[in-house]
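Trainee: The following block contains a protein sequence and its predicted model.
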Amino acid sequence: MTTVLGCIADDFTGATDLAGLLARSGVKVSLRIGVPSEPPSETSPIEVIALKSRTAPVAEALAETRAALEWLQRAGATRFFWKYCSTFDSTAEGNIGPVAEALMDDLGVDQTIYCPAFPENGRSIFMGNLFVGEQPLAESPMKDHPLTPMRDSNLVRLLAPQVTRPVGLANRLTVAQGAGALRTRLEELRREGVAHVVADAVANEDLAVIASACRDMPLMTGGSAVAMPLPALYLADGTLTGDAPKRKTPDVGRGTVVLSGSCSAMTNKQVASYIAHGAPTYQLDPIEIAESGHGDVLAWLAAQDLSNAPLIYATADPSRVKDAQRALGAASAGALIENTLAACAVAARDAGARRIIVAGGETSGAVTNALGVTQLDIGEEIAPGVPWTFCQSNGNQVALTLKSGNFGAETFFSDAQEKLDMQ
Ligand SMILES: Nc1ncnc2c1ncn2[C@@H]1O[C@H](COP(=O)(O)OP(=O)(O)O)[C@@H](O)[C@H]1O
Ligand SMILES: O=C(O)[C@@H](O)C(=O)COP(=O)(O)O
């Protein structure tokens, strides 16, 4: 089937988040891991390509994104969505702005919108300022993110150094007046030469207005929630057609492993809750791994009964993360953990794990790549933005869930297992 909407996500948890929200519409969504090496065939009306480009060097992120765009165009897509984090995770160099500008250039468009709001998960934007729950972004735990610490809450200010063209705001007072008012504001900004428009949204109703006003833009950018209304809009105007096939849950074996490399405040709570729940656990320490490799954890894992769903985690509080980063450098501490958890995923799969729960975006990228996964089918959501997915890994049917650092309830690791048992 010809693809109508082509999406590119800058990390793997973000891609499953987006695919899960788009799939709520019932329209078939395919999720590809990386740009497929084969030309498009048997594509879905909505295609999502997951990249691991959030913290990559800008040139690398641009090259990967452009290759993804080209593949999606060959699949027939005429509308595109660039998905980044609902907490706008990026550095002063990028990659959100440079990638958006490259996509705009390639698509020949002179304006796009930026809306990372995700009200169901407590992300809202008011007067250009991003809030996480009741806290401004820069006062939230995101200020201590290991790779992309967010030290400003204002999206206009965050975006400006990342782009070459002017940045403006369509504020909540406009959005609250509906799609017509928003279109007028966008036109006004376009006449002033504003290419990049941050759009306020505090509730799903605002996102519906933004999606409706921007549905014909060749390029929209944002978090997953602003894309969520698009399939229904495209079905209603005939852009998308066809029955919504019922999603089937494949049979998967019961062996389970939980791998956590996220250091977000929520993942710290989830790990603590799972430990209290009595699960077997192993804590990774990047400094120890740097000294003696990851033989110990692999030996521990080999001795585990996978029906007890053991947890291996590097999740730590900000002061412990800072100590490791001072000793090893942030990038190599991160890479050591990512490589170790990826090796654990492969070892667990080879020992019979067929349900793999991963916490953390970068971590998910490393694990998914190591498992050799190229395509994911989207299943039921465990929590808003975190679906179970199903894939083939080394000839085995595997259920995989990739949890964004900040998503899910405190009991997420148990919730995920219960959700699959219920299906
Ligand atoms: N104890 C630790 N010390 C230093 N870095 C760590 C530690 N634990 C995890 N990391 C690294 O922090 C990064 C967390 O990013 P990510 O997996 O994207 O989680 P999140 O989704 O919370 O952003 C990864 O690169 C991970 O390897
Ligand atoms: O938009 C979001 O918040 C998520 O989809 C996402 O991208 C989260 O990234 P990580 O916290 O790095 O998993």
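Mentor: Cool, got the structure. Ligands and ions are numbered 1, 2, ... in the order given.

Trainee: Any idea how many residues pack against whichever residue of the stretch 201-350 of the chain sits closest to ligand 2?
Mentor: Distances from the stretch 201-350 of the chain to ligand 2, computed as Cβ to the nearest ligand atom, single out Gly223 as the nearest residue at 4.4 Å. No exception for glycine: its C-beta is placed from N, CA and C like everyone else's. Each residue near Gly223 was counted by other Cβ atoms under 10 Å, and the total is 29.

Trainee: and the next element down the chain from the longest helix along the chain?
Mentor: In the chain, ranked by residue count with DSSP state H as the criterion, the top helix is helix 330-350. Taking DSSP states H and E as the definition, the helix or strand that follows helix 330-350 towards the C-terminus is strand 355-359.

Trainee: which element follows that following strand toward the C-terminus?
Mentor: The element immediately downstream of strand 355-359 (helix or strand, assigned by DSSP H and E) is helix 361-370.

Trainee: Can you name the residue of the stretch 151-300 of the chain nearest ligand 1?
Mentor: Across the stretch 151-300 of the chain, the shortest distance to ligand 1 (Cβ to the nearest ligand atom) belongs to Ser262, at 3.2 Å.

Trainee: quick check: angle from the longest helix of the chain to strand 355-359?
Mentor: Here helix 330-350 runs at 170 degrees with respect to strand 355-359, directions being taken by axes from the mean of the first three to the mean of the last three Cα atoms, to 10 degrees.

Trainee: And for helix 330-350, what's in contact with it?
Mentor: Here helix 330-350 makes contact (Cβ atoms under 8 Å, 6 or more residues apart in numbering) with 146-147, 255, 257, 259-261, 284, 286, 289-290, 294, 297-298, 301-302, 306, 312, 314, 321, 324-325, 327-328, 353, 356, 358, 362-363, 365-367, 369-371, 393-394, 396, 398.

Trainee: do the same with stretch 58-73
Mentor: By Cβ under 8 Å, 6+ apart, the list of residues contacting stretch 58-73 from outside reads 3, 6-8, 10, 34-36, 39-40, 47, 49, 51, 53-54, 56, 80, 82, 93-95, 98-99, 102-103, 106-107.

Trainee: Quick one: buried ones out of those residues?
Mentor: 3, 6-8, 10, 34-36, 40, 47, 49, 51, 53-54, 56, 80, 82, 94-95, 98-99, 102-103, 106-107 (16 or more other Cβ atoms under 10 Å).

Trainee: just the contacts of stretch 58-73 that are near ligand 1?
Mentor: With Cβ under 6 Å from any ligand atom as the criterion, these include none near ligand 1.

Trainee: Which members of those occur in helices, if any?
Mentor: If you go by DSSP H, these have Pro98, Val99, Ala102, Leu103, Asp106, Leu107 in helices.

Trainee: Kindly indicate which of these lies nearest Ala23.
Mentor: Leu103 (23.1 Å; Cβ to Cβ).

Trainee: Who are the contact partners of that closest one?
Mentor: Under the criterion of Cβ under 8 Å, 6+ apart, the contact list for Leu103 reads Ile8, Thr65, Arg66, Leu69, Phe80, Trp82, Thr112, Leu219.

Trainee: want to try a markdown table for these, with pLDDT as columns?
Mentor: Written out in a markdown table, the entries for those read as follows (pLDDT from 0 to 100):
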| residue | pLDDT |
| --- | --- |
| Ile8 | 98 |
| Thr65 | 98 |
| Arg66 | 98 |
| Leu69 | 98 |
| Phe80 | 98 |
| Trp82 | 98 |
| Thr112 | 98 |
| Leu219 | 98 |
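
Trainee: Would you point out the most distant pair within these?
Mentor: Using Cβ to Cβ, the pair of the contacts of Leu103 lying farthest apart is Arg66 and Thr112, separated by 15.8 Å.

Trainee: Close to ligand 1: what parts of the stretch 51-200 of the chain are there?
Mentor: Residues of the stretch 51-200 of the chain found near ligand 1 (Cβ under 6 Å from any ligand atom) are His145, Pro146, Leu147.

Trainee: swap the cut-off to 8 Å and go again
Mentor: Counting by Cβ under 8 Å from any ligand atom, the positions of the stretch 51-200 of the chain adjacent to ligand 1 are Arg54, Asp89, His145, Pro146, Leu147, Thr148.

Trainee: Figure out the helix or strand that the residue lying closest to Ile49 once chain neighbours are set aside lives in.
Mentor: Ranked by Cβ to Cβ, 6 or more residues apart in numbering and with sequence neighbours excluded, the top spatial neighbour of Ile49 is Ala68, at 4.3 Å. In this structure, Ala68 sits in helix 58-74 according to DSSP H and E.

Trainee: And the residue of the stretch 301-423 of the chain that's closest to ligand 2?
Mentor: Among all residues of the stretch 301-423 of the chain, Gly361 sits closest to ligand 2, at 2.6 Å; criterion: Cβ to the nearest ligand atom.

Trainee: thinking that residue is in contact with Gly14, fair?
Mentor: Yes - assessed by Cβ atoms under 8 Å, Gly361 is found in contact with Gly14 at 6.4 Å.

Trainee: re the thing from before, mind putting the contacts of Leu103 in a markdown table, distance to Leu336 included?
Mentor: Compiled in a markdown table, the contacts of Leu103 are given as follows (distance: Cβ to Cβ, whole Å):
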| residue | distance to Leu336 |
| --- | --- |
| Ile8 | 28 |
| Thr65 | 27 |
| Arg66 | 31 |
| Leu69 | 33 |
| Phe80 | 35 |
| Trp82 | 30 |
| Thr112 | 37 |
| Leu219 | 37 |
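
Trainee: Go through these and name the one nearest Ile382.
Mentor: When these are compared for distance to Ile382 (Cβ to Cβ), Ile8 comes out closest, at 24.0 Å.

Trainee: Okay, and the beta partners of that closest one?
Mentor: Assessed by DSSP bridges, Ile8 has beta-bridge partners Ile49, Trp82.

Trainee: Say whether ligand 2 is contacted by stretch 25-45.
Mentor: No - for stretch 25-45, no contact with ligand 2 is found by Cβ under 8 Å from any ligand atom; the gap never falls below 12.7 Å.

Trainee: Now Thr401: phi and psi?
Mentor: phi -120, psi 130 (degrees, to the nearest 10).

Trainee: My guess is Leu240 contacts Val29. True?
Mentor: No - the criterion here is Cβ under 8 Å, and Leu240 misses it with Val29 at 11.4 Å.

Trainee: So between the two, which is more surrounded?
Mentor: Val29 (26 against 20).

Trainee: Return the distance of that one relative to ligand 1.
Mentor: As judged by Cβ to the nearest ligand atom, to the nearest Å, Val29 and ligand 1 stand 22 Å apart.
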